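In: Build me a model:
(2 chains)
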Amino acid sequence: MRKFGDLTQADITPKSVYFNRRQILRAMGMAGIAIAGGEVLSRVAFSPAAVQAGTKLNVTVKSPFSTTEKMNSFGDVIHYNNFYEFGTDKSDPSRNAGNFRTSPWTVSVEGEVKKPAKYSMDDILKLAPLEERIYRHRCVEGWSIVVPWIGYSLSTIVKLAEPTEKARFIAFQSLYDPSQMPWGSRSGIELPYVEGLRLDEAMNPLTLLCVGMYGESLPNQDGAPVRLVIPWKYGFKSIKSIVKIRLVKDMPPTTWNRYASSEYGFYSNVNPNVDHPRWSQATERRLGEILRRKTLMFNGYSDQVASLYNGMDLKKNY
Amino acid sequence: MRDLLRQLLLNKWSKVAVFTICVSPVAYLGWRTYQGQLTANPVEFIQHFTGDWTLRFLLITLSITPLRKLVNLPDLIRFRRMLGLFAFFYVCLHFLTYIGPDQSFDVAGMWKDVAKRPFITVGFLGFVLLIPLALTSTKGWIRRLGGRRWQALHRLIYVSALCGVVHYYWLVKSDHRLPLLYGTLLAALLVYRLGVSLLKPRPAIVASAAR
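Out: All right, here's what the predicted structure looks like:
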């Protein structure tokens, strides 16, 4: 008969579980009451993704770009996602992305650069001091949120690669692993998800290479482990779960533009004066509010980015 | 077996039972509201929920006629009016969420929206077409209009349901599975009617021609 204190090897909490006990508790909370406790524990404890998402990040810089507007709750931002690889309903990604493997992860910077490189997530977390930036985020569908993102300017990683003279655009690609993302094939859009920016847009300090939010690494459904956040453009430009960054000569194809070019342009700057063909872009609903509010030109970031588009017809270049 | 089913359908409590089933979606919505479980975007959730149930009730209403014939249960007709009125009830809730939280009860702005956006136009049309059907759903109106004219008027439900499906299809960004499913069901229900009317001899017309 065993006495209290007679511990065998099997009784000891695995180190990985111990060190991540807070994350596991949070993940259990996120997994919800639908699944029985035992199953949750085994799934969470032995899935590297759940351990990966929700790691505390050491944020040392508060950004001057941050808005003072009221932030949305963490709960809203992790339960209301457009991430078609994990399903097209807003509630699908929070249900389906739980076991997404985000470690190990490699981001390749390539194309028209003098120093192509492959970065691990550890490398990316160390390239520059992590900043918190509280940005407005406006979806093309007409809703918006305010989120405290964590990361640093995309320009940091681009400069390290030393773009050649020929580089004028930058193309991004998300991971597409059908075995982990079986919902993607029914989403209606062509995957892997691709996005692009003009090089000057990419180098604008507002363009954030984002590794976290609310003080922690990114939850899977919000684009773990690394994504873009481009606050003056519609949300779909802010590509999630990036594996490839490619400097190129010509304007690269982008997923939603390829799907319906009359509805989603390459630029897709937030613009209350240029409607989506099927709905108005003049107003938006901030999550947590009932009535709609006016949408701001460039989502309120005109001071920082309007000059990028001097002389351009924004009705044509939507 | 059929006699048992007929007895069930004709039972005085059957309408109460069907009514209870029909209110259960809105009761569920109320319960979720009370629990604060309307997602991060409650207005959108209510809009989608009531829109979905409008389409479902339209399709259920339209399936009564084929079902009566196919499973030989003519007594199902007892429930058709109630089902149609529930479609109207859910579309009213749907419309209220549009003019309220979306348009802030700004009627002028709403008209501009209706005129400018095909997906709103077609949805609005589908709603408006149901109004005369709801108003003339009583026995008195059937008598006043006469059976033939009343039936002709109520064929507007075909157009309304079609508007509803197109409205949904145009709303969706890229995953069209659900609107296509509704569209397929509606097509089947309409094709059935077309087939019946093409195959059936018309005694009424023959009779009048012989006169």
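In: which residues does the nearest residue to A:Ser187 once chain neighbours are set aside contact?
Out: With CB to CB, 6 or more residues apart in numbering or on different chains as the criterion, A:Ser187 has its nearest non-adjacent residue at 3.8 Å, and that residue is A:Tyr84. Heads up, the C-betas are built off the backbone N, CA and C, glycines and all. If a contact means CB atoms under 8 Å, 6 or more residues apart in numbering or on different chains, then A:Tyr84 has A:183-184, A:187-189, A:191, A:193, B:174-175 as its contacts.
In: and A:Tyr318, which of the three is it?
Out: Look at A:Tyr318: counting by DSSP: H, G, I helix; E, B strand; the rest coil, its state is coil.
In: and it, what pLDDT?
Out: As predicted, A:Tyr318 sits at a pLDDT of 96.
In: From chain B, how far out is the closest residue to it other than its chain neighbours?
Out: In space, A:Tyr318 comes closest to A:Gly265 once its chain neighbours are excluded; the distance is 4.0 Å by CB to CB, 6+ apart. With distances taken as CB to the nearest CB, to the nearest Å, A:Gly265 is found 15 Å from chain B.
In: so what's A:Gly265 up against?
Out: A:257, A:317-318.
In: Close to chain B: what parts of the stretch 51-200 of chain A are there?
Out: Residues of the stretch 51-200 of chain A lying close to chain B by CB under 8 Å from any CB of the partner chain are A:72, A:75-77, A:79-80, A:84, A:88, A:90-91, A:141, A:143, A:186-189.
In: Could you check which helix or strand contains B:Val43?
Out: helix B:42-70 (DSSP states H and E).
In: With only the CA atoms kept, save the helix or strand following that helix in CSV.
Out: Scanning forward in sequence from helix B:42-70 by DSSP H and E, the next helix or strand is helix B:80-97. What follows is helix B:80-97 as a C-alpha-only set of coordinates in CSV (Å, rounded to 0.1, in the frame of the first residue of the first chain):
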residue,chain,number,x,y,z
ARG,B,80,-49.3,25.8,-43.3
ARG,B,81,-50.7,29.2,-42.3
MET,B,82,-49.0,29.1,-39.0
LEU,B,83,-45.7,28.1,-40.5
GLY,B,84,-45.9,30.9,-43.1
LEU,B,85,-46.7,33.4,-40.4
PHE,B,86,-43.7,32.3,-38.4
ALA,B,87,-41.5,32.9,-41.5
PHE,B,88,-43.0,36.4,-41.4
PHE,B,89,-42.4,36.7,-37.7
TYR,B,90,-38.7,35.9,-38.1
VAL,B,91,-38.3,38.2,-41.1
CYS,B,92,-39.8,41.0,-39.0
LEU,B,93,-37.2,40.4,-36.3
HIS,B,94,-34.5,40.3,-39.0
PHE,B,95,-35.7,43.6,-40.5
LEU,B,96,-35.9,45.3,-37.1
THR,B,97,-32.2,44.5,-36.4
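In: Give me the subset of the residues of the stretch 51-200 of chain A next to chain B lying in helices.
Out: A:75-77, A:79 (DSSP state H).
In: Tell me the residues on chain B that lie near chain A, please.
Out: B:39-44, B:101-102, B:104, B:113, B:116-119, B:170-171, B:173-177.
In: Report the closest residue of the stretch 101-250 of chain A relative to chain B.
Out: A:Gly188 (3.3 Å; CB to the nearest CB).
In: Isn't that residue up against A:Arg258?
Out: No: because the distance of 11.9 Å does not satisfy CB atoms under 8 Å, A:Gly188 is recorded as not touching A:Arg258.
In: Between the two, point out the one with more neighbours.
Out: Of the pair A:Gly188 and A:Arg258, A:Gly188 is the one with more neighbours under other CB atoms under 10 Å in any protein chain shown, namely 15 against 12.
In: Spit out the contact partners of the closest residue to the more buried one other than its chain neighbours.
Out: What sits nearest to A:Gly188 in space, not counting adjacent residues and going by CB to CB, 6+ apart, is B:Ser174, at 3.3 Å. By CB under 8 Å, 6+ apart, B:Ser174 lies in contact with A:84, A:88, A:187-189, A:259.
In: biggest separation within those residues, which pair?
Out: Across the contacts of B:Ser174, the longest distance by CB to CB is 12.6 Å; it joins A:Thr88 and A:Tyr259.
In: Now the nearest residue to A:Glu263 once chain neighbours are set aside: phi and psi?
Out: Sequence neighbours aside, A:Pro277 is the residue nearest to A:Glu263 in space, at 5.5 Å (criterion: CB to CB, 6+ apart). Backbone dihedrals for A:Pro277, given as degrees, to the nearest 10, come out at phi -50, psi -30.
In: can I assume A:Pro277 is in contact with A:Tyr264?
Out: No: the pair A:Pro277 and A:Tyr264 fails to qualify as a contact (CB under 8 Å) at a distance of 9.9 Å.
In: quick one: the residue lying closest to A:Lys70 once chain neighbours are set aside from A:Lys126, how far?
Out: In this structure, A:Lys70 finds its nearest non-sequential neighbour in A:Val146, 6.6 Å apart by CB to CB, 6+ apart. As judged by CB to CB, to the nearest Å, A:Val146 and A:Lys126 stand 28 Å apart.
In: Kindly report the same for B:Val166.
Out: From B:Val166 to A:Lys126 the distance is 53 Å (CB to CB).
In: ditto for A:Leu228
Out: 19 Å.
In: which one of the two has more residues nearby?
Out: Taking other CB under 10 Å, A:Leu228 and A:Lys126 do not tie; A:Leu228 has more neighbours (22 against 11).
In: Is my assumption valid that the more buried one occupies a position in a strand?
Out: Yes: with three-state DSSP as the criterion, A:Leu228 is located in a strand.
In: Provide the partner residues of it in its beta bridges.
Out: A:Leu209 (DSSP bridges).
In: Quick one: residues contacting it.
Out: A:154, A:172, A:195, A:207-210, A:237-239, A:242.
In: can you put those residues in a markdown table and add pLDDT?
Out: Conversion of those to a markdown table gives the following (pLDDT from 0 to 100):
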| residue | pLDDT |
| --- | --- |
| A:Leu154 | 98 |
| A:Phe172 | 98 |
| A:Glu195 | 98 |
| A:Thr207 | 98 |
| A:Leu208 | 98 |
| A:Leu209 | 98 |
| A:Cys210 | 98 |
| A:Lys237 | 98 |
| A:Ser238 | 98 |
| A:Ile239 | 98 |
| A:Ile242 | 98 |
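In: Let me know the closest of these to A:Asn273.
Out: After measuring those against A:Asn273 - CB to CB - the closest member comes out as A:Lys237, at 18.4 Å.
In: Just list the residues touching the closest one, thanks.
Out: A:Lys237 sits next to A:195, A:197, A:228, A:230, A:254, A:268 when contact means CB under 8 Å, 6+ apart.
In: With adjacent residues omitted, what lies nearest to residue 72?
Out: All of this is about chain A. A:Ile145 (4.5 Å).
In: my bad, the chain I had in mind was chain B
Out: B:Arg2 (7.2 Å).
In: Give me the neighbour count for that neighbour.
Out: 9.
In: A:Leu291 too?
Out: Neighbours of A:Leu291 (other CB under 10 Å): 13.
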